[in-house]
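Asks: Need the 3D shape of this:
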Amino acid sequence: MKSFQYVITDAEGIHARPAGDFVKAAKGFASSVKITKGGKTVDAKKIFGLMGLGVKQGEEVTIDVEGEDEEAAAAALETFLKENL
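Replies: Alright, predicted model coming up:
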């Protein structure tokens, strides 16, 4: 399993447009992708779960990726977060 933390820098936090794009990016991989904030973990391939976390600017999330393409998935999703959130 690959895991990394990221602090959200976007002034609006994880809002609808980038959340949808993140879900699309996560669905492009076979691996399981989970995102955790404040002890609550959701499937990052489901938009309602991701939006339900209510992640605001300055909050840290943990991304856990597990599966056959976890290396590539973790690298791609970390890059996505840095470029978009």
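
Asks: chain center to stretch 9-27, what's the gap?
Replies: In terms of CA atoms, centre = their mean, to the nearest Å, the gap separating the centre of stretch 9-27 from the centre of its chain is 8 Å.

Asks: Same check on stretch 51-61?
Replies: Averaging C-alpha positions (CA atoms, centre = their mean) puts stretch 51-61 10 Å from its chain's average.

Asks: End to end on that stretch, go ahead and measure it.
Replies: By CA to CA, to the nearest Å, the extent of stretch 51-61 from end to end equals 13 Å.

Asks: hmm, who's touching the helix ranked longest in the chain?
Replies: As assigned by DSSP state H, the longest helix anywhere in the chain is helix 70-84. Among residues not part of helix 70-84, those counted as contacts by CB atoms under 8 Å, 6 or more residues apart in numbering are 1-4, 6, 8, 10, 18, 21-22, 25-26, 28-29, 31, 33, 44, 63, 65, 67. For every residue, glycine as well, the C-beta is placed using N, CA and C.

Asks: now do 6 Å
Replies: Helix 70-84 is contacted by residues Lys2, Phe4, Tyr6, Pro18, Ala25, Phe29, Ser31, Ile63, Val65 when judged by CB atoms under 6 Å, 6 or more residues apart in numbering.

Asks: mind listing which of those are in strands?
Replies: Of the contacts of helix 70-84, the ones assigned to strands by DSSP state E are Lys2, Phe4, Tyr6, Ile63, Val65.

Asks: circling back: buried ones in the longest helix of the chain?
Replies: Residues of helix 70-84 classed as buried: Glu70, Ala73, Ala74, Ala76, Leu77, Glu78, Phe80, Leu81 (neighbour count, 16 or more other CB atoms under 10 Å).

Asks: was I right about Glu60 contacting Ile8?
Replies: No: because the distance of 7.7 Å does not satisfy CB atoms under 6 Å, Glu60 is recorded as not touching Ile8.

Asks: So these two - more neighbours on which side?
Replies: Ile8 (19 against 12; other CB atoms under 10 Å).
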